[in-house]
Every structure is written in C-alpha cells, then in structure tokens.
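Engineer: fold the following.
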Amino acid sequence: MNYKKPVVSIITVVRNAEDTILRTIHSALSQKNVSFEVLVWDGLSTDRTVEKLESVRDQIRFYSGKDSGVYDAMNQSLPLAKGEWILFLNADDYFLDEHALEKLVSKTEDKKCDYVCGFASMLFGLKVWRPKTLTDFDFFVGNPSNHQAYLCKKSVYSRLGGFDIRYRYSADVDFMFRVIKNGYQGQIVNESVVHYSLGGLSTKNVSRGVSELEEIMAKFLDSDVEFARECRLVFHEGKIHSQRFIEKLTSLRWTDSQWKQIVSFLGSKYNLESTPFLLRAVSAIRARSLVLLKVIIFLILRILPNRVL
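Structural biologist: Model prediction:
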C-alpha cells in the first residue's frame, strides 16, 4: 500500500462483525498491481471486531467513532480517504481474487470515466448481480449496481455531498441515481469482482428496503410511489404490463434516453389485455413462485446471526 498517494481507498465500515471482518480485510490487502489503502471505520463495536483487527493494524488505517448508521459511517470516512477513487467493501463481503480491483481500475484509463461497476457474486456464486444500463432508465428499474462492486471518484462523492442518511437501507441507490442524473459517465467490467454476502441490514429488512427503494425511484421519476412500484415490477420483475400502465407511462415526460429504453423494452411485448390466457397463467405462476422463493430465502436470512451466504 502507498499511504501518500494511493489510487484507491478501500473503505470498510463495521460494527460487530467479528466472524467475517478479517476475511474482508485480507481480501482487500491481497489486491495486486494497484496503489491502494485500506481504511476501516469502526462504529464502536461491542464484540471482538477491534481485537481481531489487531493482527492487521499496521497494514490499515483504523478509525473508531460514533455514527448513526452505515451511511453516516461512510460519510464520516470519506474525508479521511486519501485515494482519488473510492470503493466501499462491507465488513463481510470480499474480493473474489487478487486482481479484482485491478480489473475495475483498468477502466479508469478512459478520462471520461467517473465510476466503474463490476458484477457481484451471491449465494456461493449461484447468482450474479449485474450492473444495469447506467443511464436514467435505471430510475424505472432500481439499483444500477451492487455497491461493493462500485468504484467511484472521491471528487464525485464530494460534489454530491455523499449519502443522504435519511435513507437507512437504500442511500447507495439514491447516490448512484444522483450520479447518473448529474451526467457522470460509468463503465462496466463484465465479470464478478466481489462476493456480496446476504443477510445484512437490507436483506434482513427486505420489505422496508423495497419500500425505501420505491420512494427513491418515485423521487427521480417525479411520480407517486404506486407508479414507481409498477415500473419496478414491469421493467425489473417481468410483470405483464396493463394498458392503464402504458397510458400513465406515455402521459408523462421522459428524456430521449428513457424513451429509447422504454420503446426497446416494451415494443415487442404483449400487454395484459392482449396476452393469451395461457401466457397470463404461466406468467402469474412464475411470478408467485418467485415471490414464494424470495420469502423463504429472506425468512432464512432473518434467523442467521451473520451474513454467511
């Protein structure tokens, strides 16, 4: 690591993650061919997290202080970072290999690049979280990128004021939406660079997290939450859209890039009224099966003591 002029600051904010914190930090310290620093912000842990970090204290920059939650901790850590680029790596997520950061940084050679998004592996690699369009069409869809696979210029965080701590579960989505809305340009690395562990704050409070996400979407769509929810279900979850939804959609003003994606997405699809009964039945069964599967997964996650999946 180069503490004077690191290219990247890998920031981990943590509170009570004694079982996973060293896996996260070791994966960060193992990165090759990039000048970086590892900065850890501890929110006054009451378990053995700080004790576990003693073995790597000479390789990281460590801070401890009171915060009001994960996004407040991230905001407090940002001014401390020395890197030109920032990557937040949660306290139980980890890089998949020693060249993961290098893959993200390679995209920053494009001088017009303000942020880079990679894929994230979940559920032991059984599921992959891919970045979306990185355009304002994502306002209809949801999270543009997994936050642990999101490398962004520190100057962008500074200009946009960091995270809005009014949001407890989805302030990262709000930030990424503001990045897009302000015209910053992103690049995509088409492979998984991090493993995202399930069972944390957002996944153990999924209904609240989804509600907050839809509230953020409504803000950026300049619509009500009901319409934002329908957009998420249609454009992300694959729900068959109704004629009423199309009428609402076409009555509002969108940017050229949004219209392009809307037409591309809906142009060749049935609407609810014209969909054959059999297709409607199959779609309904599929949707309900996915909902049931998610309910089962999140019920399991709620009883897990730590994020281990």
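Engineer: after the helix or strand containing residue 247, which helix or strand is next?
Structural biologist: Element membership of residue 247, judged by DSSP states H and E, is helix 243-251. Counting by DSSP H and E, the next helix or strand C-terminal to helix 243-251 is helix 256-266.
Engineer: contacts for that next one next, please.
Structural biologist: Outside of helix 256-266, the residues within contact range by C-beta atoms under 8 Å, 6 or more residues apart in numbering are 133, 135-137, 139-140, 235, 241, 246, 249, 254. All C-beta spots, glycine's among them, are computed from the backbone N, C-alpha and C.
Engineer: can you give me the strands for the stretch 151-300 of the chain?
Structural biologist: Using DSSP state E, counting those that start in this stretch, the strands assigned to the stretch 151-300 of the chain run over residues 186-195.
Engineer: residue ranges with poor pLDDT in the chain?
Structural biologist: Filtered on pLDDT under 70, the chain yields the residue ranges 1-4, 124, 199-206, 267-309.
Engineer: how's it carved up into domains?
Structural biologist: The chain resolves into domains spanning 8-195, 206-303 when parsed by automatic domain parsing.
Engineer: okay, those, which one's buried deepest?
Structural biologist: Highest mean neighbour count among the domains of the chain (mean count of other C-beta atoms under 10 Å): domain 8-195, with a mean of 19.
Engineer: how far does that one stretch from one end to the other?
Structural biologist: One end of domain 8-195 sits 19 Å from the other (C-alpha to C-alpha, to the nearest Å).
Engineer: cool, and stretch 89-107?
Structural biologist: End-to-end span of stretch 89-107 (C-alpha to C-alpha): 19 Å.
Engineer: can you check stretch 89-97 too?
Structural biologist: Stretch 89-97 has its terminal residues 14 Å apart, counting by C-alpha to C-alpha.
Engineer: give the contact list for residue 254.
Structural biologist: Contacts of residue 254 (C-beta under 8 Å, 6+ apart): residue 262.
Engineer: ok, it to residue 213 distance?
Structural biologist: According to C-beta to C-beta, to the nearest Å, residue 254 and residue 213 sit 20 Å apart.
Engineer: then residue 44?
Structural biologist: The value you get for residue 44 to residue 213, if C-beta to C-beta is used, is 28 Å.
Engineer: cool, residue 69 as well?
Structural biologist: Per C-beta to C-beta, residue 69 is found 17 Å from residue 213.
Engineer: with residue 40 instead?
Structural biologist: Applying C-beta to C-beta to residue 40 and residue 213 gives a distance of 28 Å.
Engineer: ditto for residue 11
Structural biologist: Residue 11 is 23 Å from residue 213, by C-beta to C-beta.
Engineer: what of residue 118?
Structural biologist: Relative to residue 213, residue 118 is positioned 21 Å away (criterion: C-beta to C-beta).
Engineer: narrow the contacts of helix 256-266 to those in helices?
Structural biologist: Within the contacts of helix 256-266, residues falling in helices by DSSP state H are 139-140, 235, 246, 249.
Engineer: show me which pair in those is furthest apart.
Structural biologist: Using C-beta to C-beta, the ones in helices among the contacts of helix 256-266 reach their maximum pairwise distance at 139 and 246, which is 17.7 Å.
Engineer: for residue 138, what are its contacts?
Structural biologist: Listed by C-beta under 8 Å, 6+ apart, the contact partners of residue 138 are 132, 144, 176-177, 180.
Engineer: for the residue nearest to residue 175 when sequence neighbours are not counted, what are phi and psi?
Structural biologist: Counting by C-beta to C-beta, 6 or more residues apart in numbering, residue 175 lies nearest to residue 163, which is 5.5 Å off, once chain neighbours are set aside. For residue 163, the backbone dihedrals are phi -90, psi 140 (criterion: degrees, to the nearest 10).
Engineer: what sits against residue 163?
Structural biologist: Taking C-beta under 8 Å, 6+ apart, we find residue 163 in contact with 71-72, 74-75, 171-172, 174-175.
Engineer: from those residues, which is closest to residue 96?
Structural biologist: Comparing the contacts of residue 163 against residue 96 with C-beta to C-beta places residue 172 closest, at 20.1 Å.
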